[in-house]
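>>> sequence unknown, structure follows:
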């Protein structure tokens, strides 16, 4: 592929050439809402096959990072590649799961309708979902344990069930990179276990997972890699080397009790 | 022109002066209550209210015409309009609270259906023997021409009373607009306050019908507050500025409309409001369009420069062409991308400042989060020198930030 | 022997039904997107568009009028977006600024220009004149097969049929994009379903429907039909396909029943003159909405049940 001119570094290298395998490579990304920077000059390269948590205090720019990387909110500066290609050319390889609260669940659609949205690209222009698409959607619902709810209106689901439907929609996309915004926020324990089982399964098949995550207590159990943010990148790397009291202290500052950090470091 | 000056300075006869003053008081009241409604994010509720006056207006006319032969008695029409507007408001609230409809659909449904029912009644009036054609047409688009002296007096007094009520209730209104839950904790009855706000909005609408007309009265409660929003972020000032804009626009509208036939008062007031709005949008130094564009470009430049310098200091590759252009323009890198002496000095300074910011954020997260452009501008522009010195001391003399110094 | 129903009532009823359905169809998406009042804004700004078109061309021919109104609608939508972004103002308030100003400008232009010789006034723009769209050559049902009589059908009939067809085509072709973009714009952007252009396309279609219907039935019905039938349909079902079906049914019901009540209702009550059909159609759609809000099986919405 021809290098995009704006991806050329001052010495002639390109971001894509530097990281051809990385599912999501970000260079010098700054995002601001009006005058207020929410992310400043973030460089981050996702290792292929990682199960990655994006953590940081409230307002650290975690959700903004993935929304800006996926082109949902505009960037002030910075470049992004997906599997070594510009985002536009590779977005069929990404499944994005927004925050549950970002949509109106009173929308007139059934669970199956929502999962079928994940097959938008395959169904194609001017065509409607057929039996093949429906059976795939049902398989995806089965994987998250929601096959019995296929014809339920989405507003009648509990929060955990809604999150599982979103995950099923992402599964229907058959992507290589799953980007999830707070998948465990406000869900019951059974749903959390079900979701993490599906994610670990995907990860075992070689898919890369990126989750915005807020529960520090489960980071070590769930994830292989971690990206710690607070306006800037504080640290990134394997959980064992990166999820340290020093890094957490520097991201969360006074907002995280020292005892809590000790417990995390020990546990 | 002489006629215009005379009218502007209230020298064109007692009636014209009375109408002009009344319109100005009305404009001020509408701007003031509209500001609170805008801050409460219910700006278009007034659209539903104004359209919902029509069936009440028409029914009052029919009833009064049946009783006395003349349906055009202003207070009676106002009462009818008020009752049906109140009913419309109740229906909006009921649809929003008791069904799955959002407020925008409820507003749209009420305004179109009430107006439709009003239109049906208007055709009934046209066929009544007693109903003169001119009876209600002035209420659609507003007309101050040929307004009776008593009508002008009623409008001026009612608008003044409404304005006074808004002034008296400004504190609870402000609190509820700012944060309804907090206001409730402070012991303010949010429901009653909202009710009073909507009641006053309704009063202004009904009083203004004859002047601005029911299709356009909504503009008086929306345009001046939106214009005022450009000049200030503080609710108290916004209300005052909106009232002033409303008063000036209504004054000018009433004056120009008195000069000739074919100059409808409502349209003129709205157009004068809009002119003031455009001036505000373009020129306001805080949030205006021109200031905004300049600010945005400056901010973007700052971000790129800062980012580029930090990348230089860390010897990281820069991929963004705009960043490279800015660095070259500042003479910080040569055309082949290698940092100049000046560039390395600037990079070291940026790196040091970055460390200061990071420490500052760690020590005082709340204060850092609250400072504008955090991390983009040098910290020395935000903090006094003694605090900077303190941060530097904490960073330690032996840190690697100082080694890069040229 | 002249069949007065065919001559005087058939075409107004058909035109009313077509206009109501053409507005109700895109209205479903407006209501779901919480953009109901876009229809309100657009139908108000048709007046200045038509006045400007008249001043430029000097005629009241349908072509220039429709182009003028559509142009005004697009200008209004652009202005609303501009003001909303620049001033960081809530969409409702930005809409209020734009449509009142353009309407006021239209009224002023109308009063200032010499339009006394032609039939163009504000009340006509608001109420329309459905009753006048009669079919003088349609003297009996047989006229439906008579080419000469068919050629004399009111032009609004064919125009609205085309517009309704365009609405159906737009909805079918962009069905997936409309549904996904309405439900979850962030997700739609992430899969390349282009929520931005789809939303703009919807607004353009709304403008086309508003302008075409406005010419025949006046702006007040247009607003009512964008909102009331879809809102009533929301109370009947939890799936978007059936919702659209219900909304078209309610729109048809309002058009037919409204026209009949306006024409014959006063006679039944002992009066001698009919009342405004446009106003009555809007009123009937409101009554339907009221009944649906009181007794519709899905009136409450899901999360209110759960809460």
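Now that the structure is in, tell me what you want to look at. Predicted model, so just to flag it, every value in this text is computed and none were measured. Numbering: from 1, shown residues only, chains lettered A, B, ... in the order given.

>>> Starting from the helix or strand where residue B:79 lies, tell me the next helix or strand along the chain.
Using DSSP states H and E, residue B:79 sits in helix B:74-98. Counting by DSSP H and E, the next helix or strand C-terminal to helix B:74-98 is helix B:103-127.

>>> Is there any residue in that following helix that contacts chain A?
No: using CB under 8 Å from any CB of the partner chain, helix B:103-127 never reaches chain A; the gap is at least 12.3 Å. Every C-beta, even on glycine, is put in place using the N, C-alpha and C of the backbone.

>>> In the next helix or strand after that helix, which residues are buried?
As assigned by DSSP H and E, the chain's next helix or strand after helix B:103-127 is helix B:134-141. Under the neighbour-count criterion of 16 or more other CB atoms under 10 Å in any protein chain shown, helix B:134-141 has B:135, B:136, B:138, B:139, B:140, B:141 buried.

>>> What mean pLDDT does helix B:134-141 get?
If you average the pLDDT over helix B:134-141, you get 73.

>>> what angle separates the helix or strand just after that helix from helix B:74-98?
Downstream of helix B:134-141, the next assigned helix or strand under DSSP H and E is helix B:149-168. Interaxial angle of helix B:149-168 relative to helix B:74-98 (axes from the mean of the first three to the mean of the last three CA atoms, to 10 degrees): 40 degrees.

>>> wait, is residue A:52 part of a strand?
Yes: counting by DSSP: H, G, I helix; E, B strand; the rest coil, residue A:52 is located in a strand.

>>> What is the neighbour count of it?
24 (other CB atoms under 10 Å in any protein chain shown).

>>> and what of residue A:159?
16.

>>> Contact partners for it?
Neighbour list for residue A:159: A:100, A:186, A:187, A:188 [criterion: CB atoms under 8 Å, 6 or more residues apart in numbering or on different chains].

>>> Does residue C:34 touch residue B:107 like I think?
No: at 10.9 Å, residue C:34 and residue B:107 do not qualify as touching, with contact defined as CB atoms under 8 Å.

>>> more neighbours, these two?
Between residue C:34 and residue B:107, counted using other CB under 10 Å, residue B:107 has the larger neighbour count: 31 against 17.

>>> What does the pLDDT read for the closest residue to residue B:80 other than its chain neighbours?
Nearest residue to residue B:80 in three dimensions, chain neighbours excluded: residue B:60, at 2.6 Å (CB to CB, 6 or more residues apart in numbering or on different chains). Looking at residue B:60, its pLDDT is 93.

>>> what angle do the strand or helix carrying residue B:60 and helix B:134-141 make?
For residue B:60, the host element (DSSP H and E) is helix B:45-68. Orientation of helix B:45-68 against helix B:134-141 (the same axes, to 10 degrees) gives an angle of 170 degrees.

>>> helices or strands next to helix B:45-68 in the packing?
When contacts are defined as 3 or more CB pairs under 8 Å, 6 or more residues apart in numbering or on different chains; DSSP states H and E, helix B:45-68 sits against helix B:14-39, helix B:74-98, helix B:103-127, helix B:134-141, helix B:190-212, helix B:217-229.

>>> buried set for the fifth one?
Along helix B:190-212, the positions that meet the burial threshold by neighbour count (16+ other CB under 10 Å) are B:193-194, B:196-212.

>>> right, and residue A:84 touches residue A:18 too?
No: using CB under 8 Å, residue A:84 is not in contact with residue A:18; the gap is 9.2 Å.

>>> which residues do these two both contact?
Contact criterion CB under 8 Å, 6+ apart; residues shared by residue A:84 and residue A:18: residue A:25.

>>> got any ranges where the stretch 101-250 of chain C has weak pLDDT?
When residues are selected by pLDDT under 70, those of the stretch 101-250 of chain C lie in C:114-122.

>>> Which positions in it make contact with chain B?
Counting by CB under 8 Å from any CB, the residues of the stretch 101-250 of chain C near chain B are C:101, C:103-105, C:107-108, C:111-112, C:122-123, C:126-127, C:220-221, C:223-224, C:226-228, C:230-231, C:234-235.

>>> which among those residues end up buried?
Applying 16+ other CB under 10 Å to these, the neighbour count classes C:101, C:103-105, C:107-108, C:111, C:122, C:126-127, C:220-221, C:223-224, C:226-228, C:230-231, C:234-235 as buried.

>>> of the residues you listed, list those near chain A.
Intersecting those with the surroundings of chain A, defined as CB under 8 Å from any CB, gives residue C:234.
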